[in-house]
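Visitor: Just a sequence and a predicted model for now, questions to come.
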Amino acid sequence: MTKYNLPNNWPAPNQHLIELGRIMALWGILESNVNLAISKLAGYEAIMDWRAAILTAHSNFNQRIDILATLCDELQKDFTHLSEYKTVISQIRNVQSKRNRYAHNSIFLNEESNKVETASMKARGKLTTKIEEVTIDDLKQVSAEIHMSMLALHKLITQKEYPPIWEKR
């Protein structure tokens, strides 16, 4: 295996890269929690039943959220705590769009302004481009919102509420 000596602060300052990594790690956990919630609501007993794993393995995240919402909608008659599902689904979809801003667009250091920026494009009937500054606080906010979405999903499914990680210390 070739060893690469990647430079520090490339392609953005290390502090930004750490926060981007935190977003991606937390997102992976949220996705796993959505899969687990689907498995439990579908009635499987194992922590992650192989049948549920097959159904979710190649579904995109939007499809999994639709599955989760539909299961909650159908089951809320018997499990009234699931009636809060629309709020949780909305929270997850909202944080998904914030996460996507960083996961699907370029992030770079603008050497002229010495600011970290992200560039994005949309082509839905009209081409629009946008360059925006990315601050450490912006990235931390997304991480916090992903974490809060995970806690909301956990409470929805298990009826157990936990404080956010930053309140546990």
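Guide: Great, that's in hand. Please read these numbers as outputs of a predicted model, since none were measured by experiment. Numbering: from 1, shown residues only.

Visitor: how far is the longest helix anywhere in the chain from where the chain is centred?
Guide: Counting residues, the longest helix found in the chain (DSSP state H) is helix 14-41. From the chain centre to the centre of helix 14-41 is a distance of 5 Å (Cα atoms, centre = their mean, to the nearest Å).

Visitor: between the worst-scoring helix or strand of the chain on mean pLDDT and helix 14-41, how big is the angle?
Guide: Least confident helix or strand of the chain, by mean pLDDT, DSSP states H and E, is helix 50-57 with a mean of 91. Between helix 50-57 and helix 14-41, the angle comes out at 130 degrees (axes from the mean of the first three to the mean of the last three Cα atoms, to 10 degrees).

Visitor: Let's see helix 50-57 as CSV, backbone CA atoms only.
Guide: C-alpha atoms of helix 50-57 as CSV (Å, rounded to 0.1, in the frame of the first residue of the first chain):
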residue,chain,number,x,y,z
TRP,A,50,-30.9,-9.6,8.8
ARG,A,51,-34.2,-9.2,7.1
ALA,A,52,-34.4,-5.5,8.0
ALA,A,53,-30.7,-5.1,7.0
ILE,A,54,-31.6,-6.5,3.6
LEU,A,55,-34.5,-4.0,3.2
THR,A,56,-32.4,-1.0,4.2
ALA,A,57,-29.0,-1.9,2.8
